[in-house]
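Q: predicted model, plus sequence, below.
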Amino acid sequence: MAYTKLGDTGLDVSRLCLGCMNFGSGEPWMMDDRDASVDLIHEALDLGINFLDTANVYSAGESETIVGDAVASANRDELILATKVRGDMFDGPNGSGLSRKHILDQVEASLDRLGTDYIDLYQIHRWDDETPIEETLAALDHLVETGRVRYIGASTMTAYQFTKALYTSDIEDYSRFACMQPEYNAVDRHEEANLLEVCEGEGVGVIPWSPLAGGFLTGKYERDAEPDSGLRAGTDEYTKNRFSEENWAVLEEIRALAEAKNATPAQVALAWLLRQDVVTAPIIGPRTSEHLRENVAAVSVELTDEEAARIEAPKTPRWPAPGKD
């Protein structure tokens, strides 16, 4: 496994981050198997991944609990635990959002489920229009100052919102977002016209979610065939929404390159993402040992400029992306 710095920080993270949304029972496509989930996390650690990303809303805290159980015997000094706050955790007032109360309440619950006394990277899961960003940043800064959190991050917002947050941190002397978690992969490139330029200019690390477009870029779907009900696209519109002519054209190039390099489409898709200068660590979401090892092997796959251009040619990045505004 290779390692890199998280943006302009001194924090060493593995080039792949293990996404932990699959570890739970909240959706039909999740693993729903605690022991198998723990084993997969242990295998990821053995392969050199030191960076794990979860969230309090993943299966209503179940994912955080599984992660906590799995890393209880790990070397905490080497481990980078990341989680998120923003989503609905209970019905009623203050059950969600980025108010000071919700943040301070939820960080304690996450710490308890993770079985740790600090979180390495605490991220706001989405922007909150109903809470002033100054209140949110002050609460996050308090967590850093009191040692509960080491770094703070954000996910999925407009470039204006993110720039406003960074500017507010600068003028108020609050802890600054060190990391951004956007949707980014070879067929979802809208963030090239939104957040990524800000991240590159401001020294913010980038850990893309859905690096394989919900499984579309693994090559297991065919253009003229209905997805099998046992696959994610058979039950989840997120993946099936990737079935467009432009995206099939991208996948055809990825498949051709994979065949030429004796690699898999997933490995080529991840290699394309890893060669983007702004990207720190794609968040992979394997459900099996085979998928995990396939993803990790992508770190050794290299693409030339010409090969990367072939993958990029069918798409023109636009913000907002069609269907995402």
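A: Looks like it came in fine.

Q: thought Gly61 was touching Asp112?
A: No. Applying Cβ atoms under 8 Å, one finds Gly61 not in contact with Asp112, separated by 9.3 Å. Quick note: C-beta positions are derived from backbone N, CA and C, even for glycine.

Q: under the pLDDT cut-off, which ranges of the stretch 51-200 of the chain? List them.
A: Counting by pLDDT under 70, the stretch 51-200 of the chain contains no low-confidence range.

Q: what about the strands in the chain?
A: Along the chain, the stretches classed as strands by DSSP state E are 3-5, 12-14, 17-19, 51-53, 80-85, 119-124, 149-155, 177-181, 205-206, 283-284.

Q: please state the offset of the fifth one from the chain centre?
A: Strand 80-85 has its average C-alpha position 10 Å from the chain's average C-alpha position, going by Cα atoms, centre = their mean, to the nearest Å.

Q: which outside residues touch it?
A: Contact with strand 80-85 is made by 11, 13, 17, 50-57, 64, 67, 71, 98, 102-103, 106-107, 110, 114, 116, 119-125, 153, 155, 207, as judged by Cβ atoms under 8 Å, 6 or more residues apart in numbering.

Q: can I get the strands of the chain in a markdown table with mean neighbour count and distance to Asn241?
A: As requested, the strands of the chain are exported to a markdown table (neighbours: other Cβ atoms under 10 Å; distance: least, Cβ to Cβ, whole Å):
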| stretch | mean neighbour count | distance to Asn241 |
| --- | --- | --- |
| strand 3-5 | 14 | 31 |
| strand 12-14 | 20 | 30 |
| strand 17-19 | 27 | 19 |
| strand 51-53 | 28 | 23 |
| strand 80-85 | 26 | 23 |
| strand 119-124 | 25 | 25 |
| strand 149-155 | 23 | 20 |
| strand 177-181 | 25 | 20 |
| strand 205-206 | 24 | 23 |
| strand 283-284 | 22 | 19 |
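
Q: just want to check the distance between the residue of the chain positioned farthest from its centre and Pro314.
A: Most distant residue from the mean C-alpha position of the chain: Asp224, 30.0 Å away (Cα atoms, centre = their mean). Asp224 sits 18 Å away from Pro314, going by Cβ to Cβ, to the nearest Å.

Q: before we move on, what about Met1?
A: 31 Å.

Q: between the two, which one's more packed in?
A: Neighbours per residue, other Cβ atoms under 10 Å: of Met1 and Pro314, the larger number sits with Pro314, 18 against 13.

Q: take the strands of the chain and write them to TSV, including distance to Ala321.
A: As requested, those are exported to TSV (distance: least, Cβ to Cβ, whole Å):
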stretch	distance to Ala321
strand 3-5	27
strand 12-14	27
strand 17-19	21
strand 51-53	23
strand 80-85	22
strand 119-124	21
strand 149-155	16
strand 177-181	17
strand 205-206	17
strand 283-284	19
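
Q: looking at those strands, which is closest to Leu195?
A: Nearest to Leu195, of all these, is strand 177-181, at 5.9 Å by Cβ to Cβ.
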